[in-house]
Every structure is written in C-alpha cells, then in structure tokens.
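Colleague: predicted model and sequence follow; I will ask about them next.
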Amino acid sequence: MGNTPAHVQHLIPPPPSVACLAGINLMGIINSNTAAALQFGIEKDFADKTQHVIFYDLGSGSTIASLVKYSSYEAKEAGKPKAISQLEVKEVEWDEQCGSNNLDALLAQHFAADFAAKHGFKAEEVLGNPRTMAKMRKQIRRTKEVLSANTAAPVSVEELHEGIDYQASITREQFETLAGPFFEQAARPLKAVLDR
C-alpha cells in the first residue's frame, strides 16, 4: 500500500507499472491522512462504540484536516460472532497554499525588513538576497522553537547581510499578532471539516 498527500492524490497517475518495475506488488494508494488514521486505530478495539477523530496536519507546504469515524461491525469467525473494527474517512479538507514554510517566510520578511530599516538598506535589497534570506529562515525556525516554550525569543544572525550582524527579539504576543492571518488561513481546513 502506498500513500500520497490528499491534495495531490487525484493528480498522480496510477503507478502500478512503476511499482512493478521496482519489484513491488502495489495493492492500492491511500492518502497520508488515511495512513495516519489506520496507524491510530490499528490496535484499538471499537467494539460496541463509535468514535470520531480529527487528524490535522500542518505540513511544510500544505495543511490537511480529515474527520475519521471508527466503528465496528459483527462478522462470524469459525461460526462465532466477532466484532471487526473499521474506519471511514468522512471529510477531508486541505489548503495546498498554506504550510509552515509560509509562516517562516512571513517572519523572515518581517525581520529582514527590520534589519534593512536599522542599517539603511532598501528592504528589497535584503529580501532579494537568497543567502541573506536563507540565514534568516534558519534563525526563524529556531525562534519558533524557543517561542513554543517561552514568552519571548531572541533573533540573532551573524553576518546577516554584507557582514553586518542582526540582533532582535520577539514576544509570543508579537508573534501571534504578526502571524494572525496565517493562523486564520491554517485553521480554515479544520473549520470546514467541523462545520460539515
């Protein structure tokens, strides 16, 4: 069984011939959220109960939310009744334009513009420099990690642009205000699944 992201599954041509070339007997393709749902429920007993679970994945390039119903049905095994667990993917919503890379870019642009203003550069000059922005995005990932457990985080990049170091800080409140529109966009697939 192979898996693909839900938002591209309908675009990918059937790969049995590719799998065959690789010596793999491909039985089918499922999306990544269904694979997560299978893993979650594989050893759980849903006899005599129904459970709904939402899976939410904020990936690097897309956001996916799915609602999965777990239940059971009765079958006979060796003439005796036995409860068989099953899952049904009820809803799947995604935004293929919203991922954590978008958040990183938003924060990197904010701090690069701050650096440009502090040091007399044009914002476009700093934002247009791939090496500068790569350094800034690397620091932004660290800053997000610190903010996940603290109320403030430093932003510090050595020789960010033309040999000049950059020092700043951001509070969790400032981060949430700056990233508010991103969080609203990232929540849309989840809200769409909940509203159905």
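Modeller: Alright, I've got the coordinates.
Colleague: how about stretch 129-137: buried residues?
Modeller: Residues 129, 132, 133, 135, 136, 137 are the ones in stretch 129-137 that count as buried (16 or more other CB atoms under 10 Å). (Glycine included, C-beta is placed from N, CA and C.)
Colleague: looking at the residues you listed, which are in helices?
Modeller: Per DSSP state H, helices hold the following members of the buried residues of stretch 129-137: 132, 133, 135, 136, 137.
Colleague: now, which of the buried residues of stretch 129-137 sits nearest residue 181?
Modeller: The shortest approach to residue 181 among the buried residues of stretch 129-137 belongs to residue 137, at 18.9 Å (CB to CB).
Colleague: residue contacts, the closest one?
Modeller: Contact analysis of residue 137 by CB atoms under 8 Å, 6 or more residues apart in numbering lists 104, 105, 108.
Colleague: then residue 49?
Modeller: Residue 49 touches 71, 72, counting by CB under 8 Å, 6+ apart.
Colleague: one more time with 7 Å, if that's ok
Modeller: Remark: with contacts taken as CB atoms under 7 Å, 6 or more residues apart in numbering, residue 49 is in contact with nothing.
Colleague: so who does residue 81 touch?
Modeller: When contacts are counted by CB under 7 Å, 6+ apart, residue 81 is found next to residue 74.
Colleague: now do the one 5 residues further on
Modeller: With contacts defined as CB under 7 Å, 6+ apart, the neighbours of residue 86 are 71, 72, 73.
Colleague: what helix or strand does the spatially closest residue to residue 122 that is not a sequence neighbour sit in?
Modeller: Closest residue in space to residue 122, ignoring its immediate chain neighbours: residue 116 at 6.4 Å, by CB to CB, 6 or more residues apart in numbering. Residue 116 is part of helix 100-119, with elements assigned from DSSP states H and E.
Colleague: let's test this: mean pLDDT of that helix, rounded?
Modeller: Across helix 100-119, pLDDT averages out at 92.
Colleague: with stretch 130-138 instead?
Modeller: On average, stretch 130-138 scores 92.
Colleague: shift numbering so it begins at 59
Modeller: In the new numbering, first residue 59, that becomes stretch 188-196.
Colleague: and that stretch, how far from the chain's centre?
Modeller: Distance of stretch 188-196 from the chain centroid (CA atoms, centre = their mean, to the nearest Å) equals 21 Å.
Colleague: on that earlier part again, neighbours of the residue nearest to residue 180, how many?
Modeller: By other CB atoms under 10 Å, the residues close to residue 174 number 18.
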